[in-house]
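Participant: coordinates for the following, if possible.
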Amino acid sequence: MGILPFLVQWAYILSISWRPSSVTLLPSRPRASPWALLDDFRAFAEDDIEKFLPQVCNILIERHGGDAENMVAALIEYEKIFLDKCARCFPFGIRVCNFLKSAPCKLETGILGTVFDGSQARQLQYEREDRLKNLVYEAEIKTSEGESLPAKYISLRTSYHKDLNFLLETFSRLGDQLKNYPIEDRNYHLKKAVDEINDLVRNRILSRGTGKQNGQDENSPNFFPDLYAVSSEQVAKVCPEAAGYSIHFPMQHCSDKVLRVLQFVVDECEVLPSSAKAPYLMTVELLEQDFSCQVQLCYVHEYNSFSHCYFSFHE
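Facilitator: Presented below is the predicted three-dimensional model:
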């Protein structure tokens with residue numbers, strides 16, 4: 001069974017779970033089992049689920065028919081499977097978290113909230129908001145910490161998750177922030193933001209994903225003294241293993257080979273002309289690695305994986 005037939009059959013189960021016992025189903029339409037569908041859902045590849053991520057998440061947020069006695073346990077198990085996939089596949093978890101954060105979470109008003117039972121409509125919407133907030137929280141924890149990882153790997157994955165979120169949040173804010181500047185000043189502020197992202201990439205590579213280099217504290221005055229003298233591209237040319245500590249390109253799917261971000265080319269970043277909005281164009285240099293985004297190597301490398309590399313750069 002594919003993900004689309006699964007969604008169709010799940011919707012059918014929800015539609016019959018709240019029907020009165022006096023309503024009889026046609027004998028030609030057998031009643032499906034939610035537990036059999038959950039076994040199929042558990043086996044789906046994350047890339048397949050991504051294609052219908054809004055519908056998959058909507059089952060947990062809306063929960064239509066979920067108060068029926070025979071569906072409560074099934075929905076709990078559905079959520080557990082869903083969150084376990086976030087823990088096992090980091091790129092999938094990132095995509096889930098960002099989708100849920102962008103989902104509308106405002107109290108709806110209008111005909112349904114006034115003509116019909118307004119208090120009940122508001123209560124249902126509050127419950128929906130709580131479910132969405134709790135789901136975002138649980139998905140963030142699972143994505144950040146993974147599943148049954150050693151403490152050292154949890155720390156590296158958490159740091160990776162934080163840095164990737166910084167990248168994504170910076171990109172999402174830029175469009176709104178650039179609108180506040182005069183058109184002639186927008187390119188300057190865009191390139192300033194891109195410089196900050198490049199600093200993060202260099203930081204990860206030189207610190208081996210820990211935020212520290214050679215045991216130094218990040219608050220010390222000499223922390224990364226050569227950070228601006230060495231580009232990520234130079235490091236990758238001398239020792240490609242070092243680039244493995246950079247973040248991967250966040251638009252990739254789970255089964256794609258990892259593309260490490262070396263740097264965003266500042267001189268080729270440009271805000272496109274627009275009076276109402278501030279769309280921008282960016283160029284990024286990537287390094288392909290020979291494993292997929294869903295494996296642990298996406299965010300975890302052993303500390304000694306490039307201890308044999310010595311960096312010497314000359315003009």
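
Participant: for residue 248, see how far away the most centrally placed residue in the chain is.
Facilitator: Most central in the chain under Cα atoms, centre = their mean is residue 94, positioned 1.6 Å from the mean C-alpha point. Note on residue 94: its distance to residue 248, by Cβ to Cβ, to the nearest Å, is 10 Å. Heads up, the C-betas are built off the backbone N, CA and C, glycines and all.

Participant: where do the contact lists of those two overlap?
Facilitator: Here residue 94 and residue 248 have residue 164 as joint contacts, going by Cβ atoms under 8 Å, 6 or more residues apart in numbering.

Participant: what element comes up after the helix or strand of the chain with the lowest mean pLDDT heading to the C-terminus?
Facilitator: Across the helices and strands of the chain, mean confidence by mean pLDDT, DSSP states H and E is lowest for helix 111-114: a mean of 40. Heading C-terminal from helix 111-114, the first helix or strand you meet, by DSSP states H and E, is helix 118-145.

Participant: does that following helix pack against any helices or strands, and if so which?
Facilitator: helix 53-62, helix 69-88, helix 90-102, helix 111-114, helix 151-178 (3 or more Cβ pairs under 8 Å, 6 or more residues apart in numbering; DSSP states H and E).

Participant: the inter-axis angle of the host helix or strand of residue 15 versus helix 53-62?
Facilitator: Per DSSP H and E: residue 15 is located in helix 3-17. Interaxial angle, helix 3-17 versus helix 53-62 (axes from the mean of the first three to the mean of the last three Cα atoms, to 10 degrees): 20 degrees.

Participant: what mean pLDDT would you report for helix 3-17?
Facilitator: Averaging pLDDT along helix 3-17 yields 84.

Participant: could you list the residues in contact with the helix or strand that it is followed by?
Facilitator: Once the chain leaves helix 3-17, the next helix or strand it forms, by DSSP H and E, is helix 34-43. Helix 34-43 is contacted from outside by 1, 6, 9-10, 13, 70-71, 74, 77-78, 81, using Cβ under 8 Å, 6+ apart.

Participant: the helix or strand that helix 34-43 is followed by: how far from the chain's middle?
Facilitator: Remark: after helix 34-43, the chain's next helix or strand is helix 46-50, criterion DSSP H and E. Offset of helix 46-50 from its chain centre (Cα atoms, centre = their mean, to the nearest Å): 13 Å.

Participant: tell me where the stretch 151-300 of the chain has helices.
Facilitator: When assigned using DSSP state H, counting those that start in this stretch, the helices of the stretch 151-300 of the chain occupy the ranges 151-178, 186-206, 232-238.

Participant: of all those helices, which lies closest to residue 56?
Facilitator: Distance to residue 56, taken as Cβ to Cβ, is lowest for helix 151-178 among these, at 20.5 Å.

Participant: and that closest one with helix 118-145, angle?
Facilitator: 130 degrees.

Participant: which strands or helices does helix 151-178 pack on?
Facilitator: helix 90-102, helix 118-145, helix 186-206, strand 280-281.

Participant: quick revisit: correct me, but the residue nearest to the centre of the chain touches residue 164?
Facilitator: Yes - counting by Cβ atoms under 8 Å, residue 164 is a contact partner of residue 94 at 6.4 Å.

Participant: anything in contact with each of the two?
Facilitator: In contact with both residue 94 and residue 164: residue 250, using Cβ under 8 Å, 6+ apart.

Participant: if we can go back for a sec, for the helices and strands packed on helix 118-145, give me TSV that also has distance to residue 203.
Facilitator: Shown next, in TSV, are those (distance: least, Cβ to Cβ, whole Å):
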stretch	distance to residue 203
helix 53-62	31
helix 69-88	26
helix 90-102	20
helix 111-114	49
helix 151-178	8
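
Participant: any idea how far stretch 123-134 is from the chain center?
Facilitator: 21 Å.

Participant: sorry, back to before: of all the helices of the stretch 151-300 of the chain, which lies closest to residue 281?
Facilitator: Using Cβ to Cβ, those put helix 186-206 closest to residue 281, at 9.5 Å.

Participant: name the helices or strands packed onto the closest one?
Facilitator: helix 151-178, helix 232-238, strand 257-264, strand 270-271.

Participant: tell me which other helices or strands the third one touches.
Facilitator: Applying 3+ Cβ pairs under 8 Å, 6+ apart, we find strand 257-264 packed against helix 186-206, helix 232-238, strand 284-292.

Participant: looking at these, which has the lowest confidence?
Facilitator: helix 232-238 (a mean of 62).

Participant: contacting residues for the nearest residue to residue 48 once chain neighbours are set aside?
Facilitator: Spatial nearest neighbour of residue 48, excluding adjacent residues (Cβ to Cβ, 6 or more residues apart in numbering): residue 3 at 4.9 Å. Residues near residue 3 by Cβ under 8 Å, 6+ apart: 44, 48-49, 51-52, 56.
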